[in-house]
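Undergrad: Take this sequence and fold it.
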Amino acid sequence: MDIKSLKKKMLDKSRDDFVNYLAQILNVTAGTASKKLNGEVNFTLDDVKKIALELNLTIDDVNKIFMGEIY
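TA: As a prediction, the model looks like this:
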């Protein structure tokens, strides 16, 4: 997971409150959002879809952020 790229996309939306913004996107608590950003809890496919829609992510963005380098 590439958290830096995800945060950059959030900054592109003029949001630097990463945990709260993610919580808003996913309709979860800030605690749950924090755990997802820290890799303690995995993102679900539904989470990825919501984030991709909100942040206007391309398939390449989604792959880079959530899949990492696949060889």
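
Undergrad: Quick one: residues in contact with stretch 1-17.
TA: When contacts are defined by C-beta atoms under 8 Å, 6 or more residues apart in numbering, stretch 1-17 is touched by residues 18, 21-22, 37, 39, 43, 51, 54-55, 57, 61, 64-66, 68. C-betas here are computed from N, CA, C, even on glycine.

Undergrad: And the helices in this structure?
TA: With DSSP state H applied, the chain shows helices at 3-12, 18-26, 30-37, 45-55, 59-62, listed in chain order.

Undergrad: want to throw those into CSV with mean pLDDT?
TA: Output for the helices of the chain, formatted as CSV (pLDDT from 0 to 100):
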stretch, mean pLDDT
helix 3-12, 95
helix 18-26, 97
helix 30-37, 96
helix 45-55, 97
helix 59-62, 94
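
Undergrad: Give me the buried subset of the contacts of stretch 1-17.
TA: For the contacts of stretch 1-17, a burial check counting by 16 or more other C-beta atoms under 10 Å picks out 18, 21-22, 37, 43, 51, 54-55, 57, 61, 64-66.

Undergrad: Looking at those residues, which two lie furthest apart in space?
TA: In those, the most distant members under the criterion C-beta to C-beta are Tyr21 and Lys64, with 19.1 Å between them.

Undergrad: Just give the number of residues close to Gln24.
TA: 14 (other C-beta atoms under 10 Å).

Undergrad: meant to ask about Asp17, not that
TA: By other C-beta under 10 Å, 11 other residues sit near Asp17.

Undergrad: Which pLDDT value does the model give it?
TA: At Asp17 the predicted local distance difference test score is 96.

Undergrad: Distance-wise, check it relative to Ile59.
TA: Computed with C-beta to C-beta, to the nearest Å, the distance linking Asp17 and Ile59 is 27 Å.

Undergrad: Leu37 too?
TA: Note on Leu37: its distance to Ile59, by C-beta to C-beta, is 22 Å.

Undergrad: Likewise for Ala33?
TA: Applying C-beta to C-beta, one obtains 24 Å for the distance of Ala33 from Ile59.

Undergrad: Ok, Asp12 next?
TA: Distance, Asp12 to Ile59, using C-beta to C-beta: 17 Å.

Undergrad: again with Lys13
TA: Here the distance between Lys13 and Ile59 works out to 19 Å (C-beta to C-beta).
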